[in-house]
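Q: how would this look folded up:
(one chain, ligands or ions: 1)
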Amino acid sequence: MRRKFIAGNWKMNGSLAANAALLSGIQANLGSPNCDVAVCAPAPYLDQCRGALADSAIAWGAQDLSAHESGAYTGEISAAMLTDFDCSYVIAGHSERRAYHGESDELVGRKAARALSAGLRPIVCVGETLEERESGRTEQVVQRQLEAVLKEVADADLVRLVVAYEPVWAIGTGKTATPQMAQEVHAFLRGRLAARHAAAATQIQILYGGSMKPDNAADLLAMEDIDGGLIGGAALKAADFLAIIHAAA
Ligand code: 13P
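A: From the prediction side, this is the model:
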């Protein structure tokens, strides 16, 4: 039985003061959630997350990492640096990085492999644009994105992978995939995972991301292959993030 997993992606938001208020607001009403919970913070705030969350049920992670191990890569952040701050997770291949920073499928695959070899769990994002959906290419696109990652991952590491299906047209737009639309893609992704490794496919958490909010979370999370959410905007408000966690738990 897969545990549900609710992860916040703060994107480029926050400040020391705002994060402190958000994290204490979440912790104040979290209770003992019956699901996995994490926040993915901007890198300068990972130490703050560690300080605030070390004894909590909330894990923390980063939003990106370098595909390189170390060296002359100005501005990059290595997997080992993230583990130095006790990160459990790192997002790889978010559509905003693919679109604004030119990240290719192949680069995302190498980032995921780098994360796994450092002991991090990569949250690998896949998802189609509106144009790709409207031209009937959703499955082709997410399959290509997923296979580029699977190619880099050893069988034994597959269960540490987290996949996030984030249709680009639903991110930050308030438009969400219907539960049925999302379930179709999640089931397709699980089928591709099963083609690679049947046992691992039953264990890998596949999250939905794209305008998941308190009022649509329960319906999305009720679908068989939707194992949680990767939450943008609603992760920045303690009450909204908590409501989604409670919908999952
Ligand atoms: P929103 O929840 O703001 O649509 O963002 C989703 C997302 O991109 C999470 O990574």
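
Q: tell me the residues of this protein that contact the ligand?
A: 9, 94, 166, 171-172, 209-212, 230-234 (CB under 6 Å from any ligand atom). (Each C-beta comes from the backbone N, C-alpha and C, glycine too.)

Q: ok, H94 touching C40?
A: No - using CB atoms under 8 Å, H94 is not in contact with C40, being 9.3 Å away.

Q: hmm, back to that, of the residues of the chain next to the ligand, which belong to strands?
A: Judged by DSSP state E, the subset of the residues of the chain next to the ligand located in strands is N9, G209, L230, I231.

Q: in a markdown table: these, plus neighbour count and pLDDT.
A: Converted to a markdown table, these look like this (neighbours: other CB atoms under 10 Å; pLDDT from 0 to 100):
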| residue | neighbour count | pLDDT |
| --- | --- | --- |
| N9 | 27 | 98 |
| G209 | 27 | 97 |
| L230 | 27 | 98 |
| I231 | 27 | 98 |
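
Q: tell me the one among those nearest to M223.
A: For those, the residue nearest M223 by CB to CB is G209; the value is 14.1 Å.

Q: for the closest one, which residues are in contact?
A: By CB atoms under 8 Å, 6 or more residues apart in numbering, G209 lies in contact with N9, C125, G127, A164, Y165, E166, A170, I171, G229, L230, I231, G232.

Q: who wins on neighbours among those residues?
A: Within those, G229 tops the neighbour count with 31 neighbours, counted by other CB atoms under 10 Å.

Q: and that one, what does it touch?
A: I6, A7, L207, Y208, G209, M212, A217, L220, L221, I244, A248.

Q: could you flag which of the residues you listed are buried?
A: Among the contacts of G229, those buried by neighbour count (16 or more other CB atoms under 10 Å) are I6, A7, L207, Y208, G209, M212, A217, L220, L221, I244, A248.

Q: now the helices for the protein?
A: Secondary structure of the chain, counting by DSSP state H: helices at 16-28, 46-53, 79-84, 95-100, 105-117, 130-134, 138-150, 179-196, 198-203, 214-221, 238-248.

Q: can you pull the buried residues of the fourth one?
A: Translated: helix 95-100. Going by neighbour count (16+ other CB under 10 Å), the buried part of helix 95-100 is S95, E96, R97, R98.

Q: many thanks, I have nothing further to ask.
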